[in-house]
Structures are given as structure tokens and as C-alpha cells.
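S.K.: Sequence plus the predicted model coming up.
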Amino acid sequence: MSGFGRSSYYDKQFRQSPALIRARRPYIFKNAVVGSFIAAFALGVYAYTISVIGQDEFDDVKVPDAPAPAQAAKK
């Protein structure tokens, strides 16, 4: 199972070994670029959604009238 037992990539203080750093080195830049694009896309969708919702006047939404006051003596 993953996470149990002794791993050759981490020392006793759970710090990365030089082997793990070498294994991850080719992917660090690519992962950062992909992560940046994903974050930019998510922020762009959020900003677009907020700007579109902010322009809506909500004139087509029917607002109900205030509720009628309750009668004190209902029988």
C-alpha cells in the first residue's frame, strides 16, 4: 500500500531525497505551466460570471407582495 513502510524517496525526517528531487525536476516547469493555465481559466470563468450577473436587471423576476397581516382573532 502506498504511504506505508520505508520509502527510498524520503529520509527519516520525511524530507525529499536527492533521488526524488532529480526524478521530479523534468516535470516541475510543465506542472507549473499547466497549473497556471488551469487557475487562469477558473478565475476567468469566475470573473466572466460575476460580470454577466452584475449586468442583469432582474426585471423579469416577479417579486411577491408583502404578506397580509395576520388576523388577531381567528376562529
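M.R.: Sure thing, it's come through.
S.K.: In this structure, where is pLDDT below threshold?
M.R.: Low-confidence segments of the chain (pLDDT under 70): 1-5, 72-75.
S.K.: Mind listing what's buried along the helix or strand where residue 54 lies?
M.R.: Taking DSSP states H and E as the criterion, residue 54 maps to helix 18-55. Buried residues in helix 18-55, counting neighbours by 16 or more other C-beta atoms under 10 Å, are absent. C-beta coordinates here come from the backbone N, C-alpha and C atoms, glycine included.
S.K.: For it, name the packing helices and strands.
M.R.: The contact analysis (3 or more C-beta pairs under 8 Å, 6 or more residues apart in numbering; DSSP states H and E) places helix 18-55 against no helix or strand.
S.K.: ok but residue 57 is inside a helix, no?
M.R.: No: assigned with DSSP: H, G, I helix; E, B strand; the rest coil, residue 57 falls outside any helix and is coil.
S.K.: what about it, distance to residue 40?
M.R.: 30 Å (C-beta to C-beta, to the nearest Å).
S.K.: again, but for residue 12
M.R.: 39 Å.
S.K.: What's the separation between the nearest residue to residue 9 once chain neighbours are set aside and residue 34?
M.R.: Take residue 9 and drop its neighbours on the chain: the residue closest to it by C-beta to C-beta, 6 or more residues apart in numbering is residue 20, 3.9 Å away. Per C-beta to C-beta, residue 20 is found 20 Å from residue 34.
S.K.: and if you look at residue 26?
M.R.: Residue 26 is 14 Å from residue 34, where distance means C-beta to C-beta.
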